[in-house]
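**Student:** okay, structure incoming, though there's no sequence with it:
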């Protein structure tokens, strides 16, 4: 009998148009998401080649990276940002692509709105000019980031030329402790497997801990696969996936839904599926986790002390020394108690309703510490509306947080939300690279939204379990 | 100006080298996001490695890209996981527009690697020991010409040479001039449309 197949193999084979002479696959892309930063040049290249969009019904657009979050009023104050927005408007209109603009109720971070609208579904191939496209793998899709020339390729042909990745199954056993979130799981995975451990692999997340995660938590998990070097991360679709999708705008309608469920189920990895590599991690060992350096693998549990450089593997020492210098942190000292000046809750990693609920539970217990600038930025207009209908915005405002409009905000600072000078930011985003949050010398500590809220109230890195 | 160059057969790249040492050099370092607010790639070379090269006040910090010995270099030599982080093609665009036409390193992040191929910039790997030798050789004699030979799978420098690796698919694309994938993909137009029509989620289950 043929051995079982994993989800990646099933999706890959189904979407293969042909094998290319060099050994790559011509892969059909079932869902293409575009935004204002990486698509204008793609459309320009298409124009230069005299081509049109081959399957406009399979591309959807929104705006997120450069959108200000203090006000969505047009024209944007930044003329270049306004030009980007206008480019998306013109390109989508000219090519017949559905666009979710500011004020539509459906605008937001591309990786928040895809699932929210029911566009993201199991068994699809999904591409977007953004590395955090891995987020959509939470639904059992094969989803990955691409560059702008590849955006052009998808626009022109709805296909990409790609090499099939290997698959590593990461099983997380047991259960998560109190105050431990999906963000902590993925930071722990990256800490254990490294920031380049996943290069050449797709990560399949499995095991009891993963199966119990909500869809929003699975999105957080898959989102940061790329931070571990894996371009793709996915979770097999199950009842939680189907329940999430039922009734959403672009999900199959009532009559077709059960057929869809049967097909989605068939795309999950077989029980006896084979993997190129398997890793087991214990859920009970995962603590609320905080990064201390300038890559997401430089992380520790909040109760741990900063590692001494000589305790680290040889390969990581130079980077650690450089990171300590940049971060102005001292090996051997605890990370808890480190003073922060900015707290950022939001991003495609942690800007969803359940993230805001968890942060609000903490915010409810106190006030933002003096001298701390604290922002809550919903991932989409829909998240913002849902949070407001629950009164979360009042909780945040009462505690001294700023309540913002939807966008990428301070995750990457392509908009007015930026760190200033040497500010240290407790952030629910995904990258702690030097300069990432807009100030070349600004510093970032990655953690869960609840941990960010705790840090905002204490004015220092704190163990959220003490506040819950 | 067109946003692209015309596809050519890339079988080798020859030129002087420049060494940028360090593991995990991310795309935010290669091109900070705040310089990506244009709808064009033109002019990105001005901002390549901006924050690593200059202080906030614009004072040069002594980065290799500002070292006059490396002026005109075309082959970039790096360590592990170069180009990790975001999918921004702005990173290889900025390097390419600065003058880089090939990259030799211990390893590359995957999206960055794919973006390089799409621009006709071979990003090839060599063993750690060989990269170390190559880096030392270039730093000792920046004026020498390096040759990255995809056909022979070697990188050579004055007095030395080493084996290089590249996945077959990408190497094939570069060597036969199909690295600008769009035309190749469109050759299968009918098959693409047939595939679309057959997918359960496209036809509505």
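**Tutor:** Nice, I can see it. This one's a predicted model, so the numbers in the text were calculated from it and none came from an experiment.
**Student:** surely residue A:292 and residue A:304 touch.
**Tutor:** No - Residue A:292 is not in contact with residue A:304 according to CB atoms under 8 Å; the separation is 9.5 Å. Where C-beta positions appear, they are placed from N, C-alpha and C, glycine not excepted.
**Student:** ok, these two, which is more surrounded?
**Tutor:** residue A:292 (24 against 15; other CB atoms under 10 Å in any protein chain shown).
**Student:** can you check the pLDDT for that one?
**Tutor:** Here, the pLDDT recorded for residue A:292 equals 98.
**Student:** for it, list the residues it contacts.
**Tutor:** For residue A:292, the contacting residues are A:298-300, A:306, A:323, A:327, A:329, A:335, A:445, by CB atoms under 8 Å, 6 or more residues apart in numbering or on different chains.
**Student:** tell me the SS of the closest residue to residue A:207 other than its chain neighbours?
**Tutor:** Of all residues not flanking residue A:207 in the chain, residue A:171 sits nearest, at 3.7 Å (CB to CB, 6 or more residues apart in numbering or on different chains). At residue A:171 the chain is in strand, as set by DSSP: H, G, I helix; E, B strand; the rest coil.
**Student:** residues near residue A:171, how many?
**Tutor:** Residue A:171 has 17 nearby residues by other CB under 10 Å.
**Student:** what's in contact with stretch A:365-373?
**Tutor:** Here stretch A:365-373 has contacts from A:340-343, A:374, A:399-402, A:456-460, A:467, using CB under 8 Å, 6+ apart.
**Student:** swap the cut-off to 6 Å and go again
**Tutor:** A:342-343, A:374, A:399-400, A:456-457, A:459, A:467 (CB atoms under 6 Å, 6 or more residues apart in numbering or on different chains).
**Student:** before we move on, back to that, touching, the residue nearest to residue A:207 and residue A:204? I think so.
**Tutor:** No - taking contacts as CB atoms under 6 Å, residue A:171 lies outside contact range of residue A:204: 9.0 Å.
**Student:** residues contacting residue 148?
**Tutor:** All of this is about chain A. Contact analysis of residue A:148 by CB under 6 Å, 6+ apart lists A:38, A:41-42, A:129, B:89.
**Student:** you answered for a different chain; I wanted chain B.
**Tutor:** So residue B:148 contacts B:13, B:102, B:155 (CB under 6 Å, 6+ apart).
**Student:** and it, which of the three is it?
**Tutor:** Residue B:148 falls in the strand class when you classify it by three-state DSSP.
**Student:** next one: it from residue B:94, what distance?
**Tutor:** 20 Å (CB to CB, to the nearest Å).
**Student:** with residue B:41 instead?
**Tutor:** For residue B:41, the distance to residue B:94 - CB to CB - is 8 Å.
**Student:** I figured residue A:429 hits residue A:348, correct?
**Tutor:** No - applying CB under 6 Å, one finds residue A:429 not in contact with residue A:348, separated by 8.4 Å.
**Student:** for chain B, what is the nearest residue in the stretch 1-150 of chain A?
**Tutor:** Residue nearest to chain B within the stretch 1-150 of chain A: residue A:22 (2.7 Å; CB to the nearest CB).
**Student:** model confidence score at the closest residue to that residue other than its chain neighbours, please.
**Tutor:** Closest residue to residue A:22 apart from its sequence neighbours, by CB to CB, 6+ apart: residue B:172 at 2.7 Å. At residue B:172, the pLDDT value in this model is 92.
**Student:** neighbours of residue B:172, how many?
**Tutor:** Neighbours around residue B:172, by other CB under 10 Å: 18.
**Student:** again, but for the one 3 residues further on
**Tutor:** Neighbour count of residue B:175, defined by other CB under 10 Å: 18.
**Student:** how about the contacts made by it?
**Tutor:** Counted by CB under 6 Å, 6+ apart, residue B:175 has contacts B:11, B:150.
**Student:** so residue B:9 sits in a strand?
**Tutor:** No - secondary structure assignment places residue B:9 outside any strand; it is coil (three-state DSSP).
**Student:** what's the neighbour count on it?
**Tutor:** Neighbour tally, residue B:9, other CB under 10 Å: 13.
**Student:** please, where are all the helices along the stretch 151-300 of chain A?
**Tutor:** A:182-193, A:208-211, A:215-223, A:239-245, A:254-267 (DSSP state H, counting those that start in this stretch).
**Student:** grab the nearest non-local neighbour of residue 118.
**Tutor:** Just so you know, I chose chain A. Leaving aside its sequence neighbours, residue A:118 sits nearest to residue A:248 (CB to CB, 6+ apart; 2.8 Å).
**Student:** hmm, I had chain B in mind actually
**Tutor:** Using CB to CB, 6+ apart, the nearest residue to residue B:118 is residue A:149, at 3.8 Å.
**Student:** dihedrals phi and psi, that neighbour?
**Tutor:** phi -60, psi -30 (degrees, to the nearest 10).
**Student:** do residue A:326 as well
**Tutor:** Note on residue A:326: its backbone torsions stand at phi -70, psi -40 [degrees, to the nearest 10].
**Student:** same question, residue A:24
**Tutor:** Torsion angles, degrees, to the nearest 10, at residue A:24: phi -80, psi 170.
**Student:** also the one 10 residues further on?
**Tutor:** With angles defined as degrees, to the nearest 10, residue A:34 sits at phi -130, psi 150.
**Student:** isn't it up against residue A:63?
**Tutor:** No - counting by CB under 6 Å, residue A:63 is not a contact partner of residue A:34; they are 9.8 Å apart.
**Student:** what about the closest residue to chain A within chain B, which SS state?
**Tutor:** Going by CB to the nearest CB, chain A is nearest to residue B:172 of chain B, at 2.7 Å. Classification of residue B:172 by three-state DSSP places it in helix.
**Student:** now it: how far from residue B:117?
**Tutor:** The spacing between residue B:172 and residue B:117, counted by CB to CB, is 10 Å.
**Student:** which helix of the chain spans the most residues?
**Tutor:** All of this refers to chain A. helix A:79-95 (DSSP state H).
**Student:** ah, I was thinking of chain B
**Tutor:** When chain B is scanned for its longest helix (criterion: DSSP H), the result is helix B:128-140.
**Student:** got the buried residues for it?
**Tutor:** Of all the residues in helix B:128-140, those buried under the rule 16 or more other CB atoms under 10 Å in any protein chain shown are B:130-131, B:133-135, B:137-139.
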